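S.K.: What follows is a predicted protein model with its sequence.
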2 protein chains.
Amino acid sequence: MPQQPKQAPTGEPVAPLDRALDGLIGYVLSRVQIKMYQNLTNNFSEFDIRPTQFSALFIIHQNPGLMQAELARTLAIDPPQAVVMINKLEQQGLALRIRCKADKRSYGLFISKSGEVLLKKLEAIAAQSDLESTSALSADECSQLLTILGKLYRN
Amino acid sequence: MPQQPKQAPTGEPVAPLDRALDGLIGYVLSRVQIKMYQNLTNNFSEFDIRPTQFSALFIIHQNPGLMQAELARTLAIDPPQAVVMINKLEQQGLALRIRCKADKRSYGLFISKSGEVLLKKLEAIAAQSDLESTSALSADECSQLLTILGKLYRN
DNA sequence: TATTGTTATACTCTATAACTATA
DNA sequence: TATAGTTATAGAGTATAACAATA
């Protein structure tokens, strides 16, 4: 007790201890997501940027003038989280809030010049990181995967 | 400013604001994972159990006597997190630690009788939740997805 | 009265260092 | 000295209620 051999001579596990969960798509998906997220985080490490902040910057760039509430909804985060994130992006000089003249309660979100410069770099890194993480797949499998994940998201 | 129409007459967004990120497998995967995780959490709501605790219970059941460090490695969590989780499973009477005679530093982890009873229910719920979340896919697409995710995990 | 953004707060999750008891 | 487990702690991430300004 432990009743089971834990290590093969090579130091590799004899069999994954969670093999019996391999039939659950949710479980397997989650395992892969953790790996890819960590890989991207590592690839971003020279910048003070996390994957969600990258997504936020990207979405602001694609949708100049959008409101905080829209950004929050798109990223599936709560409005208070959006406030904190945008504060940070603003402090870093990457994005800015501009008060909306028509509805003075709200702000339009915009990317700054230096935000655009950084975003270009981050986009290249993210694309590269995606390639790294999916190097075991053929081009065909990649597009199959994107199609299937698209269906799952639209549900 | 906002410079862009935000709502279609139905209340649905004109186009997803993150459409341009749809080519990044990591991003799309993460979106889907969030949905499936939330769905499973909701389906577990009548029990005081989270998806990770379910996985832990499942793995303990499949590998009776395994050590905490092995469980932590399998779940990709740090040893201190494993301690907290196992404490909770023990307090709930679902799992137990038994000191290893050969190496008195370590424990073997075991599932209890009532843990087994609960696990059976949770397995059924998890399988059902997986089906719900993947109802948009054909059987063929489900197996394609599992194959591809398997490759990504093994990398 | 409802909505946008904000603050405060709390709870979970994650990560690290330092400790204990064994080896 | 090294390892298994533990404690303490701090930092992210997440979620909720309550508030100010505006509609």
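M.R.: Here it is on my side, so go on.
S.K.: Find the nearest non-adjacent residue to the residue most central in space within chain A, please.
M.R.: For chain A, the residue nearest the mean C-alpha position is A:Pro51 (4.3 Å; Cα atoms, centre = their mean). Distances taken as Cβ to Cβ, 6 or more residues apart in numbering or on different chains put A:Leu40 closest to A:Pro51, at 5.2 Å, once the chain neighbours are dropped. For glycine as for every other residue, the C-beta is placed from the backbone atoms N, C-alpha and C.
S.K.: Hmm, B:Ile25 and that neighbour touching each other?
M.R.: No - taking contacts as Cβ atoms under 8 Å, A:Leu40 lies outside contact range of B:Ile25: 10.8 Å.
S.K.: Comparing the two, which residue is more hemmed in?
M.R.: A:Leu40 (25 against 22; other Cβ atoms under 10 Å in any protein chain shown).
S.K.: And the pLDDT at that one?
M.R.: Predicted confidence (pLDDT) for A:Leu40: 96.
S.K.: Would you mind listing the buried residues in the helix or strand where it lies?
M.R.: Assigned by DSSP states H and E, A:Leu40 belongs to helix A:25-43. Applying a neighbour-count criterion of 16 or more other Cβ atoms under 10 Å in any protein chain shown, one finds A:25-33, A:35-37, A:39-40, A:43 buried in helix A:25-43.
S.K.: mind checking the SS state of A:Ile98?
M.R.: strand (DSSP: H, G, I helix; E, B strand; the rest coil).
S.K.: check contacts around it.
M.R.: By Cβ atoms under 8 Å, 6 or more residues apart in numbering or on different chains, the contact set of A:Ile98 is A:65, A:107-108, A:110, B:1.
S.K.: What residues does A:Val84 make contact with?
M.R.: Contacts of A:Val84 by Cβ under 8 Å, 6+ apart: none found.
S.K.: Where do the helices of chain A begin and end?
M.R.: Taking DSSP state H as the criterion, chain A carries its helices at A:25-43, A:51-62, A:68-75, A:79-91, A:113-133, A:139-154.
S.K.: Next, the distance between the ends of stretch A:37-56.
M.R.: Length of stretch A:37-56, first residue to last, Cα to Cα, to the nearest Å: 16 Å.
S.K.: Whether that stretch contacts DNA strand D - can you check?
M.R.: Yes - judged by Cβ under 7 Å from any atom of the strand, stretch A:37-56 comes into contact with DNA strand D at A:50, A:52.
S.K.: Contacts for that stretch next, please.
M.R.: Contacts to stretch A:37-56, defined as Cβ under 8 Å, 6+ apart, come from residues A:57, A:71, A:75, A:77, A:85-86, A:88-89, A:92, A:95, A:118-119, A:121-122, A:125-126, A:128-129, A:132-133, B:18, B:21, B:26-27, B:30.
S.K.: which of these are buried?
M.R.: Counted by 16+ other Cβ under 10 Å, those give A:57, A:71, A:75, A:85-86, A:88-89, A:92, A:95, A:118-119, A:122, A:125-126, A:129, A:133, B:18, B:21, B:26-27, B:30 as buried.
S.K.: A:Glu123 against A:Phe58, yeah?
M.R.: Yes - A:Glu123 is within contact range of A:Phe58, at 7.2 Å (criterion: Cβ under 8 Å).
S.K.: the more surrounded of those two?
M.R.: A:Phe58 (21 against 16).
S.K.: In stretch A:139-155, which residues are buried?
M.R.: A:141-142, A:144-146, A:148-149, A:151-153.
S.K.: nope, stretch A:60-68 is what I meant
M.R.: Buried, per 16+ other Cβ under 10 Å, within stretch A:60-68: A:60-61, A:63, A:65-68.
S.K.: Among these, which ones lie close to chain B?
M.R.: A:63, A:65-67 (Cβ under 8 Å from any Cβ of the partner chain).
S.K.: Let me have these in JSON lines, extended by distance to DNA strand D and pLDDT.
M.R.: Formatted as JSON lines, those follow (distance: Cβ to the nearest atom of the strand, whole Å; pLDDT from 0 to 100):
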{"residue": "A:Asn63", "distance to DNA strand D": "20", "pLDDT": "97"}
{"residue": "A:Gly65", "distance to DNA strand D": "16", "pLDDT": "97"}
{"residue": "A:Leu66", "distance to DNA strand D": "17", "pLDDT": "97"}
{"residue": "A:Met67", "distance to DNA strand D": "13", "pLDDT": "97"}
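S.K.: can I get the residues you listed in CSV with distance to A:Ser114?
M.R.: What follows is those, written out as CSV (distance: Cβ to Cβ, whole Å):
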residue, distance to A:Ser114
A:Asn63, 19
A:Gly65, 19
A:Leu66, 20
A:Met67, 23
